[in-house]
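J.: What follows is a predicted structure for the sequence shown.
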Amino acid sequence: FDIYGSPLVQFIADAHQIPLARESVDAVLVQAVLEHVLAPEQVVGEIHRVLRPNGLVYAETPFLQQVHAGPYDFTRYTSSGHRYLFRAFEEIAAGPVAGPGAQMLSSLDHLVRGLLRSELAGKLARALFFWIRYLDRLVPTAFAMDNASAYYFLGRRAERELSPAEIVGDYRGAQRSAGG
């Protein structure tokens, strides 16, 4: 479902109140959605509600990205914040979708757009420096966790939420203490 109709949309609804029965779906995919809702925690709560026991969720959410969709872009998450958002789910896998190279390429695009007040100039800069995104392959995951363009989370519906201490202990970035 979506908030806009298209040939691929079966029904139109607001994700803050998903019009499906409790425990009625096997999996939910939310890609580039949660930054566009006013209450992401409420939407994730609705996802948890409609998933069957052991149901799966896959989400991609931005961290270091420029505003997109103008006035309908509200939220960004660090890796820890993203994990906290999905605290009622058992993690299967999680990490950066795109790392600091991809983020830098996007920033370069938007810097040039701003300086020259031209979307075309930004796109040209992106085309000229496309290779920067491939630097992500050289960045260790711990560093990418702190500088990612976006994160993904694949999880299974759980009956217990992680505690704040567990979320903090789950941090995987490069700023871990020697004991962490």
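T.: Yep, it's here.

J.: Where do the strands of this protein begin and end?
T.: Assigned by DSSP state E, the strands in the chain fall at 25-31, 51-62, 89-98, 150-157.

J.: Which residues outside the shortest one are in contact with it?
T.: What that stands for is strand 25-31. A15, V43, I47, V50, L51, R52, G55, L56, V57, Y58, A59, E60 (CB atoms under 8 Å, 6 or more residues apart in numbering). In this view, the C-beta of every residue, glycine as well, is placed from N, C-alpha and C.

J.: Point out the most buried one among the strands of the chain.
T.: Per-stretch averages of neighbours, counted by mean count of other CB atoms under 10 Å, single out strand 150-157 among the strands of the chain, with a mean of 20.

J.: Please convert the strands of the chain to CSV, extending it with mean pLDDT and distance to E119.
T.: Putting those into CSV (pLDDT from 0 to 100; distance: least, CB to CB, whole Å) gives the following:
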stretch, mean pLDDT, distance to E119
strand 25-31, 97, 24
strand 51-62, 97, 19
strand 89-98, 96, 21
strand 150-157, 97, 21
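
J.: Excluding sequence neighbours, find me the nearest residue to A39.
T.: Using CB to CB, 6 or more residues apart in numbering and skipping residues adjacent in sequence, the residue nearest A39 is H16, 5.9 Å away.

J.: In the chain, which residue is most central in space?
T.: Nearest to the mean C-alpha position of the chain, by CA atoms, centre = their mean, lies T61 at 1.1 Å.
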